[in-house]
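>>> I would like the atomic coordinates for the input below:
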Amino acid sequence: MVAAAITLVALTCVAFLVPVPYVTLRPGPVFDTLGDFDGKPMFTFGKGVKTYKTDGSLDFTTVSVTRADSSLSLVDVTRAYLDQDIAVVPHDFVYPDDQSESDAKTEGQAQLTSSKDASRVAALRAAGYTVPEKPVVAGVVKDSAAAGKLEAKDRIVTVDGTKVASSAAVVKAIQTVKPGQVVTVGVDRDGKALDVELTTRPDAQDPTIPRVGITIATTYDFPIDIVNNVGDQVGGPSAGTMFALAIYDRLTPGSLTGGLQVAGTGEITADGTVGPIGGIRQKMAGAAAAGAEVFLAPASNCDEVRGADLHGLEVVKVSTLKDAITDLRDLAQDKDATVPRC
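Numbering: from 1, shown residues only. Modelled structure (predicted):
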């Protein structure tokens with residue numbers, strides 16, 4: 001009987017130590033976008049660019065996630081589950097298809113790079129600058145109409161003689177013809193103008209749609225030089241909104257924060273739309289621990305915010321960069337100003 005009891009206890013202990021397929025999301029560090037990152041100013045501006053003094057802070061927030069190649073025991077997961085500031089989620093939710101730690105980091109860096117570009121565009125446009133788009137060939141499908149004719153990095157200038165200023169305009173222009181008809185795509189390849197004739201082919205799923213077999217990306221002609229010095233210590237797209245606010249604050253007169261310590265999160269697109277992110281509760285907890293007073297949350301995440309521990313934060317709902325700028329200016333004038341809240 002005693003032996004059986006000892007065996008049961010031993011098996012129970014082993015069970016609690018066996019790895020389980022979950023990861024944790026914990027509050028991560030915050031970084032002031034108006035300050036330094038890894039010993040350098042987070043943003044540096046080109047020679048001759050007029051910038052303005054700022055005060056307060058605009059912190060971007062992070063989440064500390066269990067590494068893809070690490071494992072958690074049942075004890076680890078149980079402890080985390082009992083902490084309201086830690087989320088426990090299935091491993092596949094964060095690392096789909098057995099994604100490796102290296103692949104996860106590469107993906108995160110690609111998202112960060114895209115976020116840096118989008119935040120620069122959105123901030124510059126909000127500050128009154130013109131930032132033209134440039135549609136470029138991102139890739140060519142093997143054995144497609146464009147194979148051997150167009151190349152990655154070709155800048156698309158015209159379609160059938162009509163200038164196209166965006167990726168959407170390229171797609172729209174190509175789709176004005178019927179499958180089997182020829183379109184002439186004018187490109188700039190390393191400074192040389194070329195007109196390339198392509199015989200369109202029917203889409204595999206919808207034969208009424210013409211395809212030429214390219215993927216299109218958008219690049220930009222930036223009117224001034226701005227360097228984002230955030231390195232590979234962080235990844236993902238969720239700092240975009242705070243990046244954009246910092247750039248805008250530096251390029252426009254007057255303090256955007258009025259001295260407040262502001263934190264926030266949110267993916268951003270070039271047109272200034274603020275998109276949802278993961279780990280909103282963990283980011284709020286991290287922001288509060290760092291002393292934030294105001295937290296900017298994407299409108300799409302407000303359902304997660306409601307009912308959560310706000311840690312004393314004033315949580316402001318934002319849908320666009322313009323919203324965030326307006327709300328911060330109002331709060332800078334009056335901390336009790338009426339602004340949209342989650």
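
>>> Which other helices and strands does the helix or strand containing residue 322 contact?
Assigned by DSSP states H and E, residue 322 belongs to helix 321-333. Here helix 321-333 touches helix 101-126, helix 240-251, strand 274-275, strand 294-298, strand 314-318, going by 3 or more CB pairs under 8 Å, 6 or more residues apart in numbering; DSSP states H and E. Every residue, glycine included, has its C-beta placed from N, CA and C.

>>> how about JSON lines for these, with distance to residue 73 added?
Putting the helices and strands packed on helix 321-333 into JSON lines (distance: least, CB to CB, whole Å) gives the following:
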{"stretch": "helix 101-126", "distance to residue 73": "19"}
{"stretch": "helix 240-251", "distance to residue 73": "35"}
{"stretch": "strand 274-275", "distance to residue 73": "35"}
{"stretch": "strand 294-298", "distance to residue 73": "33"}
{"stretch": "strand 314-318", "distance to residue 73": "34"}
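
>>> Pipe these into a markdown table and attach distance to residue 80, mean pLDDT and mean neighbour count per row.
A markdown table is the format used below for these (distance: least, CB to CB, whole Å; pLDDT from 0 to 100; neighbours: other CB atoms under 10 Å):
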| stretch | distance to residue 80 | mean pLDDT | mean neighbour count |
| --- | --- | --- | --- |
| helix 101-126 | 20 | 90 | 19 |
| helix 240-251 | 27 | 98 | 27 |
| strand 274-275 | 27 | 97 | 23 |
| strand 294-298 | 23 | 98 | 25 |
| strand 314-318 | 24 | 97 | 21 |
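
>>> hang on, the earlier thing: let me know the angle separating the helix holding residue 322 from strand 314-318.
With axes from the mean of the first three to the mean of the last three CA atoms, to 10 degrees applied, the angle from helix 321-333 to strand 314-318 works out at 150 degrees.

>>> can you give me the strands for the stretch 1-150 of the chain?
Here the stretch 1-150 of the chain has its strands, by DSSP state E, counting those that start in this stretch, at 19-20, 22-32, 36-37, 40-41, 43-45, 57-65, 72-73, 87-90, 133-140.

>>> Just the CA coordinates for the second one, please, in CSV.
Translated: strand 22-32. In CSV, the C-alpha atoms belonging to strand 22-32 read as follows (Å, rounded to 0.1, in the frame of the first residue of the first chain):
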residue,chain,number,x,y,z
TYR,A,22,1.8,25.7,-24.7
VAL,A,23,3.7,29.0,-24.6
THR,A,24,3.3,32.0,-22.4
LEU,A,25,2.9,35.7,-23.2
ARG,A,26,4.3,38.0,-20.5
PRO,A,27,4.7,41.7,-20.1
GLY,A,28,7.9,42.7,-21.9
PRO,A,29,10.1,45.9,-21.7
VAL,A,30,9.0,49.2,-23.0
PHE,A,31,11.1,51.6,-25.1
ASP,A,32,10.7,55.4,-25.4
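
>>> Mind checking the pLDDT average for it?
When pLDDT is averaged along strand 22-32, the result is 90.

>>> hmm, who's touching it?
Strand 22-32 is contacted from outside by 37, 42, 57-66, 72, 76-77, 80, 85-91, 93-95, 230, 234, 263, 278-279, 282-283, 285-287, 289-290, 292, using CB atoms under 8 Å, 6 or more residues apart in numbering.

>>> What of the last one?
If you take CB under 8 Å, 6+ apart as the criterion, strand 133-140 is touched by 146-147, 150-156, 164-167, 169-170, 187, 213-221, 270.

>>> Lowest-scoring secondary structure element of the protein by mean pLDDT?
In the chain, no helix or strand scores lower on mean pLDDT, DSSP states H and E than helix 2-17, which sits at a mean of 40.

>>> Could you check how far stretch 325-341 is from the centre of its chain?
Stretch 325-341 sits 25 Å away from the centroid of its parent chain (CA atoms, centre = their mean, to the nearest Å).

>>> Angles on the backbone of the closest residue to residue 330 other than its chain neighbours, please.
Excluding the flanking residues, the one nearest residue 330 by CB to CB, 6 or more residues apart in numbering is residue 337, at 4.1 Å. Here is the backbone geometry of residue 337 (degrees, to the nearest 10): phi -60, psi 150.
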